[in-house]
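Visitor: Fold the following and give me the result.
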Amino acid sequence: MPRSATIHRATAETDITLTVDLDGCGAASVSTGVGFLDHMLCAFARHGLFDLTVSATGDTQVDDHHTVEDVGIVLGQAVRQALGDKRGIGRFSDVCIAMDEALVQAAIDISGRGAAYVDLPLPTQKVGTFDCELAEEFFIGFARDASLTLHVRELAGGNSHHIIEAAFKALGRALRFAVELDGRATGVPSTKGSL
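Guide: This next block holds a predicted model:
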């Protein structure tokens, strides 16, 4: 059974269509109007081995906040839908990703309880025109709407671009391992019987 989903979400601030295939090969086609976010989503897909298509327009004449946050929300909704009943998944995962001087850890529990705990002290307010604080907004929106617990923690770093990119790569890799099917597992990975 394919583990993929397409979500369309339109508000007064953004219009987003997103498709994710959890069992893909890392192919990405992303256009959000926010160049740095496009770069991060391509890294997320490549290192998570997810096929990802994103087409988004937003009120970037105001700033990039709504677009970045809403893409995180829609990606979370798509991942939650693609997971279906979650039977046979690994559920838990954690990874550390190094990118030059930066080292970032991401840990995931596909718990059914959406929350993000983000500790990314960044040395600059911007990477190019991208407001660095928006990375945390993306992770919060994603985790809440994917109904998973996400920890993202900077262990080392001096360059904001490297730290944020390591965080997105870590998210992709951690999510990949958490959603992978375990051939030895039967049913839903919970003593409660549901997630």
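
Visitor: okay, CA-based contacts and neighbour counts for the rest of this
Guide: OK.

Visitor: got a list of what residue 139 touches?
Guide: 72, 116, 118, 150 (CA atoms under 8 Å, 6 or more residues apart in numbering).

Visitor: just to confirm, which helix or strand has it in it?
Guide: helix 134-146 (DSSP states H and E).

Visitor: Return the distance of the helix or strand just after that helix from the chain's centre.
Guide: Sequence order places strand 149-156 as the next helix or strand after helix 134-146, per DSSP H and E. Using CA atoms, centre = their mean, to the nearest Å, the mean C-alpha position of strand 149-156 is found 13 Å from that of the whole chain.

Visitor: Narrow the contacts of residue 139 to those that are buried.
Guide: Applying 16 or more other CA atoms under 10 Å to the contacts of residue 139, the neighbour count classes 72, 116, 118, 150 as buried.

Visitor: what does stretch 96-114 rub up against?
Guide: Applying CA under 8 Å, 6+ apart, the contact partners of stretch 96-114 are 91-95, 143-159, 162-163, 165-167, 169-171, 174-175, 178, 195.

Visitor: buried subset of these?
Guide: By neighbour count, with 16+ other CA under 10 Å, the contacts of stretch 96-114 hold 91-95, 143-157, 159, 162-163, 165-167, 169-171, 174-175, 178, 195 as buried.

Visitor: how about the helices in the protein?
Guide: In the chain, the segments counted as helices under DSSP state H are 35-48, 65-83, 134-146, 160-179.

Visitor: any chance of these in JSON lines, with mean pLDDT too?
Guide: Formatted as JSON lines, the helices of the chain follow (pLDDT from 0 to 100):
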{"stretch": "helix 35-48", "mean pLDDT": "98"}
{"stretch": "helix 65-83", "mean pLDDT": "98"}
{"stretch": "helix 134-146", "mean pLDDT": "98"}
{"stretch": "helix 160-179", "mean pLDDT": "98"}
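
Visitor: mind putting the ones you listed in CSV, distance to residue 3 included?
Guide: Output for those, formatted as CSV (distance: least, CA to CA, whole Å):
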stretch, distance to residue 3
helix 35-48, 14
helix 65-83, 5
helix 134-146, 14
helix 160-179, 10
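
Visitor: so which of these comes closest to residue 19?
Guide: Among these, the nearest to residue 19 by CA to CA is helix 65-83 (7.0 Å).

Visitor: Report all helices and strands that the closest one contacts.
Guide: Applying 3 or more CA pairs under 8 Å, 6 or more residues apart in numbering; DSSP states H and E, we find helix 65-83 packed against strand 4-10, strand 14-21, strand 51-58, helix 134-146.

Visitor: hang on, residue 145 packs against residue 77?
Guide: Yes - counting by CA atoms under 8 Å, residue 145 does reach residue 77; the two are 5.2 Å apart.
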